[in-house]
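Engineer: here's my sequence, what's the structure:
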Amino acid sequence: MTYATIALDENWDWTIDKNGNIATKTGGEAIAQDVASACATFLGEVYYNDKLGIPYQTEILGKAFSSAYLSGKLEAEARRIEPVTDAVASVFFDSVTRRVSAKIMTQTGDGETQEILL
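Structural biologist: This next block holds a predicted model:
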């Protein structure tokens, strides 16, 4: 079975294909996009399942920064995407700009890997 999702552009908006239909992504590109979306979701943001997401507001923003804690949360969210069987997140904090970035390496059951940069 091929994994597919709605294609999003750089602004996270839906896109249209050359025939005027809603564009889709498949395979590793789709998995990477869905992992990125899952990891950008705030806990409670998804109205039909308030257990999805990362507790940015309650446990991360405005708190003492823990790269290990955030890495664990990113990995857990990545594993919620059905084809993903393993995920390893590396979190980076730039103390000058006070920006956090992350790299998540995922693997699917068929051995395919994806690198997701957040």
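Engineer: so where is this protein shaky, pLDDT-wise?
Structural biologist: Residue ranges of the chain with pLDDT under 70: 1.
Engineer: center of it, which residue is that?
Structural biologist: For the chain, the residue nearest the mean C-alpha position is A36 (2.3 Å; C-alpha atoms, centre = their mean).
Engineer: quick one: what helix or strand has it in it?
Structural biologist: Per DSSP states H and E: A36 is located in helix 27-40.
Engineer: just the buried positions in that helix, please.
Structural biologist: The neighbour-count check on helix 27-40 (16 or more other C-beta atoms under 10 Å) flags 28, 30-36, 38-39 as buried. All C-beta spots, glycine's among them, are computed from the backbone N, C-alpha and C.
Engineer: G62: which of those residues is nearest?
Structural biologist: The nearest member of the buried residues of helix 27-40 to G62, counting by C-beta to C-beta, is C39 at 19.2 Å.
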